[in-house]
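Asks: no sequence on this one, just coordinates:
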């Protein structure tokens, strides 16, 4: 069976004709549409169907066997969870606590949602963000945005006038799995067993969750991407600076000097500033620590150079920017350069390091708890009771778990309506189509205008689409995830 090649109707027909001609040479009319060929073709189609059933049964038996061997059991229904925002009409006059199990709901329905751990409301504030979980498991808790607006529990006196809403739809509720659903998890489970591979690391990261005190999942990894290498850590100490004699064009005065590590991909954020005072005719000597990299500042991916920044005291303009490739450099002239980076982009593909970027299913920045769960899953952990659980990270490899940088993207488009349709009739479907496109993007993936246009033109009532924003392919930066921002929809005349 292992070497069985499924029959096709064409191959069976050809084999039957060849065999019959050899056995009965007097039968010669095998033309298309002839009686003899039609009989063989009917039999061949039946044989093809039978072969396909045999192969399907074999594959199903293999998958079921792997499912049992891997211990993959159908999972119970998952209660929907998501973010809500509590708001007061005026700032709280005193601190208060929303207790565990504080309940909110959807008006005129039986749908209710509860908080997990108690939450402190600080005096003088008007809003508090929280994650709530549906009381009912399954897809019933997947509600549209701004529908959880009812306060069910008794409100503390200090929070009189409390209101609530869910800014985004809830989509995390899931029905109980069938045996087929459990079997479908076999490829991912097998991937997690391949120690030291990117597929195993990503498959393991995608299993990470955070639960509340009641044991309900309140955050999970929705996307994960792995790459060999890492970001060079930003410097934490100021450079050693001194005034030296020499040919210089620097004016007398006090300067603040900082530095950043650089790679071919970018630079880190700048170090703290070291101050130096120059008299006429003096230059600035900068002494840097050893460059990051194996054998120097372990553990760290390797930097290739350093960028220096010098600013005159009291001035906001960059006075000098130079690249140093050794541990000592000299600044002798003012030169306008780039300002220090606001974010670390100094990526280095150094062997021995791996970085995993993750995004959560709440479309928010992943919590520290979720990042920690990814790290322990990938590196391995020992539960409170039980044997150690090994992770897929290769021996000696250093791991960095990094939140994906969310890039909200506004979308502006106009649609040409087909006869009989109004903008109100298609707006919900258009919005959902755009949201679905963004929901399908992975970390670091690009998005072209044509992808969005095709998604919208496929809708009933839409004849054509003009996409204004974004007007070109966007995204693709390492560790970034495009998310949908404000969708503006008008009619195309």
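Replies: Everything's here; your move. Treat the numbers as computed from the prediction; the structure is a model and nothing was measured.
Asks: Hmm, residue 213 is touching residue 100, no?
Replies: Yes. When contacts are counted by CB atoms under 8 Å, residue 213 is listed as touching residue 100 (6.5 Å). Every C-beta, even on glycine, is put in place using the N, C-alpha and C of the backbone.
Asks: For those two, work out which one has more neighbours and name it.
Replies: Per other CB atoms under 10 Å, whichever of residue 213 and residue 100 has more neighbours is residue 100, with 14 against 11.
Asks: wait, doesn't that one sit right on residue 116?
Replies: Yes. With contacts defined as CB under 8 Å, residue 100 counts as touching residue 116 at a distance of 6.4 Å.
Asks: list residues touching both of the two?
Replies: Contact criterion CB atoms under 8 Å, 6 or more residues apart in numbering; residues shared by residue 100 and residue 116: 213-214.
Asks: Mutual contacts of residue 213 and residue 100, please.
Replies: With CB under 8 Å, 6+ apart as the test, residue 213 and residue 100 both reach 116-117.
Asks: who's in contact with the closest residue to residue 480 other than its chain neighbours?
Replies: Distances taken as CB to CB, 6 or more residues apart in numbering place residue 405 nearest to residue 480, at 4.7 Å, with adjacent residues excluded. Each residue near residue 405 by CB under 8 Å, 6+ apart is listed here: 343, 477, 479-481.
Asks: Nearest to residue 423 among the residues you listed?
Replies: residue 481 (30.0 Å; CB to CB).
Asks: That closest one is in what secondary structure piece?
Replies: Secondary structure from DSSP states H and E places residue 481 in strand 480-491.
Asks: what's the answer for residue 438, then?
Replies: Residue 438 belongs to helix 423-439, assigned by DSSP H and E.
Asks: Tell me the helices and strands packed up against the following helix or strand past that helix.
Replies: Using DSSP H and E, the helix or strand that directly follows helix 423-439 along the chain is strand 446-447. Secondary-structure packing of strand 446-447 (3 or more CB pairs under 8 Å, 6 or more residues apart in numbering; DSSP states H and E): strand 474-475.
Asks: What is the burial count for residue 243?
Replies: 18.
Asks: hang on, it packs against residue 286?
Replies: No. Checked against CB under 8 Å, the pair residue 243 and residue 286 is beyond contact range at 11.3 Å.
Asks: Mind telling me what element the closest residue to residue 462 other than its chain neighbours is part of?
Replies: In this structure, residue 462 finds its nearest non-sequential neighbour in residue 415, 5.0 Å apart by CB to CB, 6+ apart. Assigned by DSSP H and E, residue 415 belongs to strand 405-417.
Asks: Strand partners (parallel or antiparallel) of that strand?
Replies: strand 462-469 (antiparallel), strand 480-491 (parallel) (DSSP bridges).
Asks: Among the ones you listed, single out whichever gets nearest to residue 107.
Replies: With CB to CB as the yardstick, what comes closest out of the strands paired with strand 405-417 is strand 480-491 (25.7 Å).
Asks: which outside residues touch that closest one?
Replies: 223, 359, 363, 404-417, 423, 427, 430-431, 434-435, 438, 441-445, 447, 474-475.
Asks: Can you list the buried residues in it?
Replies: Neighbour counts over strand 480-491 (16 or more other CB atoms under 10 Å) mark 480-484, 487, 489 as buried.
Asks: now swap in stretch 445-464 and tell me
Replies: By 16+ other CB under 10 Å, the buried positions in stretch 445-464 come out as 447, 449, 452, 455-456, 459, 461-462.
Asks: Would you reformat these as TSV and include distance to residue 229, secondary structure and pLDDT?
Replies: What follows is those, written out as TSV (distance: CB to CB, whole Å; DSSP: H, G, I helix; E, B strand; the rest coil; pLDDT from 0 to 100):
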residue	distance to residue 229	secondary structure	pLDDT
447	25	strand	96
449	31	helix	95
452	32	helix	96
455	34	helix	95
456	38	helix	96
459	42	coil	95
461	48	coil	94
462	44	strand	94
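Asks: got the residue ranges for the strands in the stretch 101-250 of the chain?
Replies: Using DSSP state E, counting those that start in this stretch, the strands assigned to the stretch 101-250 of the chain run over residues 103-105, 112-115, 119-121, 127-137, 150-151, 163-165, 209-211, 217-228, 230-231, 240-245.
Asks: Next secondary structure after the last one?
Replies: What that stands for is strand 240-245. Per DSSP H and E, the helix or strand that comes after strand 240-245 is strand 253-262.
Asks: Give me the buried stretch members for that next one, please.
Replies: Result for strand 253-262 [16+ other CB under 10 Å]: buried residues 255-262.
Asks: for stretch 205-214, same thing?
Replies: Under 16+ other CB under 10 Å, the buried positions of stretch 205-214 are 205-210, 212.
Asks: which one in the residues you listed is the model shakiest on?
Replies: Ranked by pLDDT, the buried residues of stretch 205-214 bottom out at residue 212, which has 85.
Asks: what separates that one from residue 77, distance-wise?
Replies: 17 Å (CB to CB, to the nearest Å).
Asks: how is the protein carved up into domains?
Replies: 9-69, 79-165, 185-226+360-401, 240-347, 405-491 (automatic domain parsing).
Asks: re earlier: mind putting the buried residues of strand 480-491 into JSON lines with pLDDT and distance to residue 89?
Replies: Compiled in JSON lines, these are given as follows (pLDDT from 0 to 100; distance: CB to CB, whole Å):
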{"residue": "480", "pLDDT": "93", "distance to residue 89": "38"}
{"residue": "481", "pLDDT": "95", "distance to residue 89": "35"}
{"residue": "482", "pLDDT": "96", "distance to residue 89": "36"}
{"residue": "483", "pLDDT": "94", "distance to residue 89": "30"}
{"residue": "484", "pLDDT": "93", "distance to residue 89": "30"}
{"residue": "487", "pLDDT": "95", "distance to residue 89": "29"}
{"residue": "489", "pLDDT": "96", "distance to residue 89": "32"}
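Asks: Could you identify the most distant pair in those residues?
Replies: Top of the distance list for the buried residues of strand 480-491 (CB to CB): 480 and 489, 25.5 Å.
Asks: beta partners of residue 465?
Replies: Under the criterion used (DSSP bridges), residue 465 bridges to residue 415.
Asks: What is the nearest of the contacts of residue 405 to residue 273?
Replies: residue 343 (18.8 Å).
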